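> generate a structure from the sequence data that follows.
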Amino acid sequence: MERKRVTRGWSGHEFVDKRRGTRGAPVPVYPPSHLDRLLNDLQGNSLLMMEDEGLSRLGGERLRHIRANALAQAAAAHNAEDALRCVMQLQVSAGWLDTSVGRIIRDHVFQLREETARWRYLAEHAALYLTHPRLAELRARGWLAESFAKDEYPGY
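Below you'll find the model as predicted:
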């Protein structure tokens, strides 16, 4: 089996793999970050459900709370990222960014950026299902069928 170089990127609201040397559209992959995996698994989503389909089965009140809390988490992650960037800018002249601690902080800044985006997407998807009940119903049916197929539905 030939190994292909893979780069991860964004395509709209979906995580995708862009495989070099292949034709066609990028292939959706399992969420790359720990936060993505956690949110996906908590919702009971399948590997390729990238629009938080597990939210579609929830009522309006819960979706409003999820949206508000996800936006608060996005804001907190963004503020933490900004604070770390300020620290990094103050310390650039000291050359400490090339040390192991500097690399850890730089990696954490990137992680916070990903978390900010993921919390925002969760809030957007909650708002989408809140404002488009027919879409929510359609996605909830798909989620239910997937849950039955995996023997994960609680009442099954």
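> how about residue 103: what's its closest non-neighbour residue?
Of all residues beyond its chain neighbours, the one nearest residue 103 is residue 97 (7.6 Å), with distances taken as C-beta to C-beta, 6 or more residues apart in numbering. Every residue, glycine included, has its C-beta placed from N, CA and C.
> show me which residues of the one helix or strand residue 40 maps to are buried.
According to DSSP states H and E, residue 40 maps onto helix 34-43. The neighbour-count criterion (16 or more other C-beta atoms under 10 Å) identifies 35-36, 39-40, 43 as the buried residues of helix 34-43.
> picking up where we left off before, isn't the residue nearest to residue 103 right up against residue 91?
Yes. Counting by C-beta atoms under 8 Å, residue 97 sits close enough to residue 91 to count as a contact (7.1 Å).
> ok now the helix holding residue 40, how far from the chain's centre?
Averaging C-alpha coordinates over helix 34-43 and over its chain gives two centres that are 8 Å apart (C-alpha atoms, centre = their mean, to the nearest Å).
> again with stretch 105-123
Here the centre of mass of C-alpha atoms in stretch 105-123, compared against the chain's by C-alpha atoms, centre = their mean, lies 9 Å away.
> now do the buried residues in that stretch.
If you call a residue buried by 16+ other C-beta under 10 Å, then stretch 105-123 has these buried ones: 105, 109, 111-112, 114-123.
> identify, from those residues, the entry nearest to residue 144.
Nearest to residue 144 among those is residue 122, at 20.3 Å by C-beta to C-beta.
> phi first, then psi, for residue 99.
Taking degrees, to the nearest 10, you get phi -80, psi 170 for the backbone angles of residue 99.
> if you average the pLDDT over the helix holding residue 40, what comes out?
The pLDDT scores in helix 34-43 average 81.
> against which helices or strands is that helix packed?
For helix 34-43, the helices and strands in contact under the criterion 3 or more C-beta pairs under 8 Å, 6 or more residues apart in numbering; DSSP states H and E are helix 100-131.
> mind listing what residue 120 touches?
70-71, 74 (C-beta atoms under 8 Å, 6 or more residues apart in numbering).
> how about 10 Å then?
13, 70-71, 73-75, 77-78 (C-beta atoms under 10 Å, 6 or more residues apart in numbering).
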